[in-house]
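1. fold the following and give me the result.
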Amino acid sequence: MLLPMPNKKENIRAIITFLIVFILAVTSFFLLWQYRLGNKSRVVEYRPYDKIAKYGPYDEIHVFSILDEGFAISYKKEGNNYLRINDKIYGPYSLPVLDFAIDKNQFIFSYDKNRYTYITLDNKKNLEVLPPGSMIGKINLSNGHFGFTYLDPKNSLWYVNVDNKIYGPYDVVPFFCLALDQGRFGFSYRKLVTKQSPEHMLWPKHMLWYENINNQIYGPYDVALCPVIFNDNFGFGYGVVKNRKYQYYININDHVYGPYKDLLNIAFSDKNFAFGYVTENDQIYFNINNKLYGPYKLNTAPALLTLSKLSKSKIILSNNNFGFLYPDKNKWHININGIIDQAYEDIDGFHMSGNNFGFVYKDHGKWYMNINGQIYGPYENYYEGSFSLSAKNFGFICKKDDKFYVVIGVIR
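-> Numbering: from 1, shown residues only. Here you go, the predicted structure:
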């Protein structure tokens, strides 16, 4: 007995149904691959420390940085201080190397010897030798240009050296406050004002804050935050007191935004700018090229908890990608390119570099890493605040039996 042949309409309907199902499947796979956001439905890949490159043990770790080609670490071992950049170790030094900068094939750092402070380029050329009692605030290096801030013990005032041009003296240059990118620079500073100063007549304060952006001076302000320099772009936050309350503003390439109750951070990429802020009713917003994301409500909590949440909330730009971290209902969320990930118990560290993203999160009391959607963990000995990411590598610090180790992984 012959089966009835399907008619032409049924064939067309079957083909259309197949195409719809196929397109939906391909689209779903593409979206999952494109954004690669980790969630609890994914299979967790457990990787103990011995399956990723591990360095140590160290008595102390002072500074840790992931590079595009490896890593750098300042550490103490057996009573001596060292700086390690990949396979090369410099030292020993009497005091820790607390700041260094690495750009392409160059590096700059400071060290102490016989009570003098040396700032050296590539460990071959001393850019500055400072007398006993000096203090280094920030060191930076970009495309062959260098800069550093320091305290001169002779007068207890601060100076800024950019390519051997000296700026100052200043009453205060905040620690780690020197932006440098391809020869353009920026820093904030505080200046004492005497009663005879004309500025004091306009601003009834003895301490005024300013911003120096590539030799252009902005201010005075009641407070000035560290600037951000990227290519031809600059941005900085500042505050003024009105009605006994601070009001904060953000200056992006001479365009001023505000006022706000508080500020988060400023970020730039090749074509984009972004910043975060808090409104008077404690709502967080993120501005990306004048497109607003929010509001995200800061939960009512003790002051210390609120400050902790505010310090973690931030926005990052990388190439054409963006991501920001925000709290909601006692959980943490990450938005990457408009895709909102699951809620996390806690998040420690969020980075983007090139087309890569990564963050560390806590689940049931244990720490995990999400690198481009690939889950690593759990890590019971993860040292909070140590996670770092570059375009090719990621790394973090772990502590075990009162010793410190550096764990390095390669992004594939």
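2. quick check: Q247 vs R412, distance?
-> 48 Å (C-beta to C-beta, to the nearest Å). For glycine as for every other residue, the C-beta is placed from the backbone atoms N, C-alpha and C.
3. between these two, who's got more neighbours?
-> Set Q247 next to R412 and count neighbours by other C-beta atoms under 10 Å: Q247 wins out with 16 against 7.
4. got the contact list for the residue minimising distance to the centre of the chain?
-> Central residue of the chain (C-alpha atoms, centre = their mean): H351, 6.8 Å from the mean position. The neighbours of H351, taking C-beta atoms under 8 Å, 6 or more residues apart in numbering as the test, are 316, 357-359, 387-389.
5. chain neighbours aside, what residue packs nearest to F236?
-> P227 (3.8 Å; C-beta to C-beta, 6 or more residues apart in numbering).
6. my read: the one you found touches G235, true?
-> Yes - contact status for P227 versus G235: in contact at 6.6 Å, counting by C-beta atoms under 8 Å.
7. next SSE after the host helix or strand of H351?
-> Here H351, judged by DSSP states H and E, is contained in strand 346-353. Heading C-terminal from strand 346-353, the first helix or strand you meet, by DSSP H and E, is strand 356-363.
8. sheet partners, orientation included, of the helix or strand just after that next one?
-> Note on strand 356-363: by DSSP H and E, the next helix or strand toward the C-terminus is strand 366-371. Sheet pairing for strand 366-371, assigned by DSSP bridges, gives strand 356-363 (antiparallel), strand 374-379 (antiparallel).
9. could I get those strands as CSV with mean pLDDT?
-> Below are the strands paired with strand 366-371 laid out as CSV (pLDDT from 0 to 100):
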stretch, mean pLDDT
strand 356-363, 90
strand 374-379, 85
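10. format these as CSV; extra columns: mean neighbour count and distance to S188.
-> Putting the strands paired with strand 366-371 into CSV (neighbours: other C-beta atoms under 10 Å; distance: least, C-beta to C-beta, whole Å) gives the following:
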stretch, mean neighbour count, distance to S188
strand 356-363, 22, 29
strand 374-379, 19, 37
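11. and those as CSV, adding distance to Y293?
-> CSV is the format used below for the strands paired with strand 366-371 (distance: least, C-beta to C-beta, whole Å):
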stretch, distance to Y293
strand 356-363, 17
strand 374-379, 26
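12. do you know which of those lies nearest H62?
-> Nearest of those to H62, taken as C-beta to C-beta: strand 356-363 at 20.4 Å.
13. what angle do the closest one and strand 346-353 make?
-> 170 degrees (axes from the mean of the first three to the mean of the last three C-alpha atoms, to 10 degrees).
14. quick one: strand 356-363 to chain centroid distance?
-> 14 Å (C-alpha atoms, centre = their mean, to the nearest Å).
15. cool, stretch 236-253 as well?
-> 22 Å.
16. so what touches that stretch?
-> Counting by C-beta under 8 Å, 6+ apart, 186, 188, 209, 211, 213, 218-219, 221-228, 233-235, 256-263, 266, 273, 275, 277 sit against stretch 236-253.
17. quick check on these: which are buried?
-> Among the contacts of stretch 236-253, those classed as buried by 16 or more other C-beta atoms under 10 Å are 186, 188, 209, 211, 213, 218-219, 221-228, 233-235, 257-263, 266, 273, 275, 277.
18. which ones among those residues map onto strands?
-> Taking DSSP state E, the ones among these that sit in strands are 186, 188, 209, 211, 213, 218-219, 221, 223-224, 228, 233-235, 257-260, 262-263, 266, 273, 275, 277.
19. now do the helices in this structure.
-> With helices called from DSSP state H, the chain shows them at 8-35, 198-202, 303-312.
20. quick check: which ranges of the stretch 101-250 of the chain have low pLDDT?
-> Judged by pLDDT under 70, the stretch 101-250 of the chain has its weakly predicted residues at 193-206.
21. who's in contact with L325?
-> Counted by C-beta under 8 Å, 6+ apart, L325 has contacts 312-315, 332-334, 347, 350, 359.
22. please apply the same query to N212.
-> Neighbours of N212 in contact, by C-beta under 8 Å, 6+ apart: 160, 167, 185-189, 218.
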